[in-house]
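J.: Fold the following and give me the result.
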Amino acid sequence: MIGSLQEIGEEEWETSKEPETWKKLLLSLCFFHAVVQERRKYGPLGWNVRYEFNASDLTSAKQVLRMCVERFHTVPWDALSYVTGEINYGGRVTDDLDRKLLTCMLSRFYSSAVLEQANFKFSKSGLYHASRAGSYAEAMEYVLGLPSVDEPEVFGMHGNASLVFQRHATHEILDTILTIQPRVATANAGEPSPEAQVHDQAVALLKRLPQPLAEKMRSKSSGSSQPAASKGPNSYDVVRRQEIARFNLLLATMRASLAELIKAVKGVVVMSASLEAMLSSIHNSVVPELWANMAYPSLKPLSSWVRDLHARVAFFKAWTDRGAAPFVFMLPAFFFPQGLVTAMLQNHARAYSIAIDALSFKFNVRSEAPDSSAVTEAPTDGVLIEGLWLEAGRWDTRTKKLRAAREGEMLSPLPVVHFLPTLTVNLPAELGSQDAAESERSGGSKFVRTPGSSRPGSRPESASSSISKASNPAVGARRAEPFPCPLYKTSTRQGSLSTTGRSTNYILSVSLPSDEAPEVWVLQGTCLLTMTDE
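T.: Purely as a prediction, here's the structure:
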């Protein structure tokens, strides 16, 4: 804030045909510029991708603001917000969900309420507010009086965000210490050497390593989650075989590399650079790079990663041995969970002769079923999913709505969720009578247009469509709506750009009912994860 005001200078601050409007909105712009920059310290909770906003963005936005203030009788809010949010600052943003966040933040600072209300509050406490249109010295005095350490409330975030920032800073320090420690260490008297410790760990890992999974399923038993009217190949089985092939490749790589490492430590074979790196990783309780390159995305330490691997393999072994799809799918068990999501739509489309492009999802959180142990049968349509975690939020099983996170609770488990494919577009006239009859027989559950539905791989709704102005406390009355909560594989949220134009870390958005406006959750960085980092 201080740097922005110093760059503006007193002359530019005082020079305008509409001094009161100009000064108030210029201070709001400085607030916005500071918020988009400082939010980066919260890591993925702040931005999915770290963007390098700088003074040139402020300069461009300032010129647009002056033009809108001085050339129009009333401020053109839509044009001002679009040029500033979508072009000046939004030009740097590559993630669709980050673009939605940017628009939400800007709507707090660019609104008619900033001009109409005295000392309009940018935060709940009122500590950060739009001060009156005074002199340059008064504006600088106000900024100098702000806390030196920013509170999460100015970013619209939960108080837990401070803990997230402190944990990230601590992990960076520990990682730095770990990288500069001596590579060659000597054991104290009576203690095994690091090489001996790694040897024992490698032997234990190799002994407990699961056997390769069988791709061929046993004869089907009752209880399959497929609709009775399903036609054509079973998409779930295709996904299962693809996942098993990936797991078998990973297990084979682990088995071969562990055997080589044991031989290298004994001196039977030469310790290559890759084996030495693997030895160092195991000693530091880090997943070896050789394994990580063949495995699914994960941020877990080695011990937790191995336990997670066993749980994933056990899930697919039980599926194969059972001979039919499980009652509840463990979404975190999949290398490529997007494949399972697409298989849900494919099976439903074949069962009811519907174009897959006309389907998306309706979501129902089963608060009475915290995990698969409480489920006794599979649904007729759709799939039950377990293993999801809420970050920056929690699920209230009593009200069955999304609530603010408890103090100190970084992640909270989400109960079993029913993913139900639903029709979201109008069908051709020749299919209308057939689908109407099907809808009548099914009680209308399969062919209902659902505003909160989501299609895997689709682009999230734009900020203008998903978050109305009515939901913005700075513009008007806040309106409670279901929140399209993004689901990611890991807490990094960022991934490489896939051929669909989406991040490979993003799966889909799950609509969750809430008493708050969607903007609240967007600013807090609320999301769903398939796994924890621990």
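
J.: Show me the shaky parts of the stretch 351-500 of the chain.
T.: Within the stretch 351-500 of the chain, the stretches with pLDDT under 70 are 425-479, 497-500.

J.: Recalculate using a threshold of 80.
T.: Scanning the stretch 351-500 of the chain with the threshold set as pLDDT under 80 gives 369, 425-480, 496-500.

J.: again with the chain
T.: For the chain (pLDDT under 80), the answer is 131-133, 178-191, 218-233, 369, 425-480, 496-503.

J.: hmm, who's touching the helix or strand encompassing residue 279?
T.: Element membership for residue 279 (DSSP states H and E) is helix 273-283. Helix 273-283 has contacts (Cβ atoms under 8 Å, 6 or more residues apart in numbering) with 183, 194-195, 197-198, 201-202, 257, 260-261, 264-265, 271, 287-290, 302. Using the backbone N, CA and C atoms, a C-beta is placed for each residue, glycine as well.

J.: Mind checking which of these are buried?
T.: With burial judged by 16 or more other Cβ atoms under 10 Å, the buried subset of those is 194-195, 198, 201-202, 257, 260-261, 264-265, 271, 287-288, 290, 302.

J.: Narrow these to those in helices?
T.: The members of the buried ones among the contacts of helix 273-283 that map onto helices under DSSP state H are 194-195, 198, 201-202, 257, 260-261, 264-265, 290, 302.

J.: So residue 421: helix, strand or coil?
T.: Here residue 421 is recorded as strand under DSSP: H, G, I helix; E, B strand; the rest coil.

J.: tally of neighbours for residue 1?
T.: Each residue near residue 1 was counted by other Cβ atoms under 10 Å, and the total is 20.

J.: And residue 405, by the same measure?
T.: Counted with other Cβ under 10 Å, the neighbours of residue 405 add up to 20.

J.: Could I get the phi/psi values of it?
T.: phi -70, psi 150 (degrees, to the nearest 10).

J.: can you pull the buried residues of the helix holding residue 279?
T.: Residues of helix 273-283 classed as buried by neighbour count (16+ other Cβ under 10 Å): 275, 278-279, 281-282.

J.: so can I have CSV of those residues showing distance to residue 406?
T.: Converted to CSV, the buried residues of helix 273-283 look like this (distance: Cβ to Cβ, whole Å):
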residue, distance to residue 406
275, 45
278, 40
279, 42
281, 35
282, 36
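
J.: ok, of those, which one's closest to residue 82?
T.: residue 281 (48.5 Å; Cβ to Cβ).

J.: roughly how far apart are that closest one and residue 289?
T.: Going from residue 281 to residue 289 by Cβ to Cβ, to the nearest Å gives 7 Å.

J.: And residue 330, by the same measure?
T.: Plainly put, residue 330 is 26 Å away from residue 289 if you go by Cβ to Cβ.

J.: swap in residue 126?
T.: Residue 126 sits 50 Å away from residue 289, going by Cβ to Cβ.

J.: unless I'm mixing things up, residue 270 is touching residue 264, no?
T.: Yes - between residue 270 and residue 264 there is a contact under Cβ atoms under 8 Å: 7.0 Å.

J.: Residue 397: what's its closest spatial neighbour, skipping adjacent residues?
T.: Leaving aside its chain neighbours, residue 397 sits nearest to residue 367 (4.1 Å; criterion: Cβ to Cβ, 6 or more residues apart in numbering).

J.: how deep is that neighbour tucked in, by neighbour count?
T.: Neighbour count for residue 367, taken as other Cβ under 10 Å: 16.

J.: Ok, residue 3 next?
T.: By other Cβ under 10 Å, 13 other residues sit near residue 3.

J.: those strands in this protein, which residues are they?
T.: Secondary structure of the chain (DSSP state E): strands at 328-330, 359-365, 383-386, 389-391, 394-396, 401-403, 411-413, 417-423, 483-488, 506-512, 527-529.

J.: Show the contacting residues for the residue nearest to residue 397.
T.: Neighbours of residue 367 in contact, by Cβ under 8 Å, 6+ apart: 395, 397-398, 400, 415.

J.: Which of the buried ones among the contacts of helix 273-283 sits closest to residue 81?
T.: Among the buried ones among the contacts of helix 273-283, residue 287 lies closest to residue 81 (Cβ to Cβ), at 44.3 Å.

J.: so what's that closest one up against?
T.: Residue 287 touches 281, 295, 298, 300-302, 305, counting by Cβ under 8 Å, 6+ apart.

J.: filter these to the buried ones?
T.: Restricting the contacts of residue 287 to buried positions leaves 281, 295, 298, 300, 302, 305, with burial counted as 16+ other Cβ under 10 Å.

J.: Helices of the stretch 351-500 of the chain, start to end?
T.: For the stretch 351-500 of the chain, helices defined by DSSP state H, counting those that start in this stretch occupy the ranges 429-441, 463-466.

J.: separation between residue 297 and residue 158?
T.: Residue 297 is 25 Å from residue 158, where distance means Cβ to Cβ.

J.: neighbour count winner among the two?
T.: Neighbours around residue 297 and residue 158, counted as other Cβ under 10 Å, are more numerous at residue 158. The numbers are 24 against 15.

J.: What's the separation between the more buried one and residue 488?
T.: Residue 158 sits 18 Å away from residue 488, going by Cβ to Cβ.

J.: swap in residue 24?
T.: In this view, residue 24 and residue 488 are 38 Å apart by Cβ to Cβ.

J.: okay, the two: which has more neighbours?
T.: Using other Cβ under 10 Å, the more surrounded residue of residue 24 and residue 488 is residue 488, with 23 against 19.
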